[in-house]
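> Give the three-dimensional model of this entry:
(2 chains)
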There are 2 protein chains.
Amino acid sequence: MIRVLVAHDTYLLRSALAALLRRESDFEVADAGWPQAGEAARSLDPHVRVVDADCPGWRERSGAFAAGDGSSGALVVLTGGGKPGNVRRAYEAQALGFVNKDRSPDRLPAAVRQAAQGKRFVDESLAMEFLQAADMPLTRRELSVLSLSAEGASVTEIARDLHLSNGTVRNYLAAITRKTGARNRVDAIRISQVAGWV
Amino acid sequence: MIRVLVAHDTYLLRSALAALLRRESDFEVADAGWPQAGEAARSLDPHVRVVDADCPGWRERSGAFAAGDGSSGALVVLTGGGKPGNVRRAYEAQALGFVNKDRSPDRLPAAVRQAAQGKRFVDESLAMEFLQAADMPLTRRELSVLSLSAEGASVTEIARDLHLSNGTVRNYLAAITRKTGARNRVDAIRISQVAGWV
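Residues are numbered from 1 along each chain as shown, chains lettered A, B, ... in the order given. From the prediction side, this is the model:
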């Protein structure tokens, strides 16, 4: 039996994903929300963990996975197409499986079985996202500025938070707008959110 | 047997929701993505249609439901908490069922059975969202301005699209920022998107 832990922010959707996986007779499936998912992974000792990359809970915690959070289980990440930021975050968290949510649901059990054997599973329909993920347009500092701006922080607030001058923050915001091919700051935020960079 | 049609933007999640509903022995379940969901509803003639309010595909089409799109079936809408805009859109589309995605998945089959009998099902945990939905802070015109702004349009572009002067658009944006209790325009967009208004 392959022990699988499904983590998703919403109760209904993680129950639904678990119902889908329970149709496989060789899977033993549990599910958890964030932040309980880390604890569940430690106590259940799953062979495979399945996470939805669109969950804010996962985005906040993917760094802990990358650093090794003390829990076990190979990682399979679900993402829609057009979100290279999700692919990059999953890659940095050492995911073995990359499943496209827009494609046939048959891929998910296949990815789980591969990951349980320590083998990589990459949905070939995500090839473009991998290329774009390798070619991330923004620096780490620019991402910090953009994240704060997307939360509604003003130039002065961003400058204070990151210990920068207002002029430097404005330069970063101008660089972000140029690099993302955006029309203006709001457009840069929208483009980066759609791509999953922030 | 209750015929149920599940509509969701992503293939994997609608398959998962369908798997969850198929555990009920009195349900006959089909699923479809947008824009096929309207056509599927006409050919399958479902008793109940289940839609996820967070799907862009639903947001774009909820107006057609409200106007009666020629398809049949009582409407059950899934939403997370804190999204009064979703509740309002569902109400305007004459939904019978309002299910909180953050609560137990047992509510969904109960809502489907109620809706199949033409009865309303409202998750009591959504009470606050109903109150807020009744008290929508923005006018229709302000929502149009905000939607264009959220897509990255400049003041000049918004003015041209809506046949307004630049000054009028700036006044609308200032009113939107004030009414949503936001710090600035980016914050107003963020707050309105979280609430599901745009």
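
> Can you tell me the centre-most residue of chain A?
For chain A, the residue whose C-alpha lies nearest the mean C-alpha position (CA atoms, centre = their mean) is residue A:53; its distance is 3.5 Å.

> Next up, the contacts around that residue.
Under the criterion of CB atoms under 8 Å, 6 or more residues apart in numbering or on different chains, the contact list for residue A:53 reads A:59, A:77-79, A:83, A:86-87, A:89-90, A:196. From N, CA and C alone the C-beta is placed, and that goes for glycine too.

> Go through those residues and flag which are in strands.
With strands defined by DSSP state E, the entries of the contacts of residue A:53 inside them are A:77-79.

> Report the separation between the residue lying farthest from the centre of chain A and chain B.
The outermost residue of chain A relative to its centre, with distances by CA atoms, centre = their mean, is residue A:167 at 31.8 Å. Here the criterion is CB to the nearest CB, to the nearest Å. By it, residue A:167 lies 19 Å from chain B.

> before we move on, back to that, relative to residue A:126, which of the ones in strands among the contacts of residue A:53 is nearest.
Relative to residue A:126, the closest of these is residue A:79; by CB to CB it sits at 7.2 Å.

> Please give the element, helix or strand, for residue A:29.
Element membership of residue A:29, judged by DSSP states H and E, is strand A:27-32.

> need the next SSE after that strand, C-terminal direction.
Remark: after strand A:27-32, the chain's next helix or strand is helix A:36-44, criterion DSSP H and E.

> anything in that next one near chain B?
No. Using CB under 8 Å from any CB of the partner chain as the criterion, no contacts between helix A:36-44 and chain B are found, and the smallest distance is 13.4 Å.

> Give me the buried stretch members for that helix, please.
For helix A:36-44, a neighbour-count test (16 or more other CB atoms under 10 Å in any protein chain shown) marks A:37-38, A:40-41, A:44 as buried.

> next one: stretch A:148-159
Neighbour count says stretch A:148-159 has A:148-150, A:152-155, A:157-159 buried, by 16+ other CB under 10 Å.

> can you list contacts of the lowest-mean-pLDDT helix or strand in chain A?
Within chain A, no helix or strand scores below helix A:56-67, which has a mean of 80 by mean pLDDT, DSSP states H and E. Counting contacts by CB under 8 Å, 6+ apart, the residues outside helix A:56-67 that touch it are A:7, A:9, A:33-35, A:37-38, A:51-53, A:69, A:75, A:89-90, A:92-94.

> Would you mind listing the buried residues in it?
Neighbour-count burial for helix A:56-67 flags A:57-59, A:61-62, A:65-66 (criterion: 16+ other CB under 10 Å).

> List just the nearest of those residues to chain B.
Within the set of the buried residues of helix A:56-67, residue A:57 lies nearest chain B; the separation is 11.9 Å, counting by CB to the nearest CB.

> any idea how far that closest one lies from residue B:23?
Applying CB to CB, to the nearest Å, one obtains 26 Å for the distance of residue A:57 from residue B:23.

> Please name the residues that touch the residue nearest to residue A:88 when sequence neighbours are not counted.
Beyond its immediate neighbours in the sequence, the residue positioned closest to residue A:88 (CB to CB, 6 or more residues apart in numbering or on different chains) is residue A:133, lying 3.9 Å away. Contacts were defined as CB under 8 Å, 6+ apart; by that measure residue A:133 touches A:84-85, A:87-88, A:91.

> Filter those down to the buried ones, PyMOL style.
To isolate in PyMOL the members of the contacts of residue A:133 that are buried, counting by 16+ other CB under 10 Å, one can use:
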select buried, chain A and resi 84+85+87+88+91
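
> I'd like the contacts of residue A:133 laid out as TSV, including pLDDT.
Shown next, in TSV, are these (pLDDT from 0 to 100):
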residue	pLDDT
A:84	92
A:85	91
A:87	92
A:88	90
A:91	89
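
> returning to what we had before: relative to residue A:175, which of the contacts of residue A:53 is nearest.
Of all those, the one sitting nearest residue A:175 is residue A:196; the distance, using CB to CB, is 19.8 Å.

> Could you report the neighbour count for that closest one?
Residue neighbour count, defined by other CB atoms under 10 Å in any protein chain shown, stands at 22 for residue A:196.

> Report the contact partners of the closest residue to it other than its chain neighbours.
Taking CB to CB, 6+ apart as the measure, residue A:196 lies nearest to residue A:85, with 3.0 Å between them; neighbours along the chain are not counted. Listed by CB under 8 Å, 6+ apart, the contact partners of residue A:85 are A:133, A:136, A:192, A:195-198.
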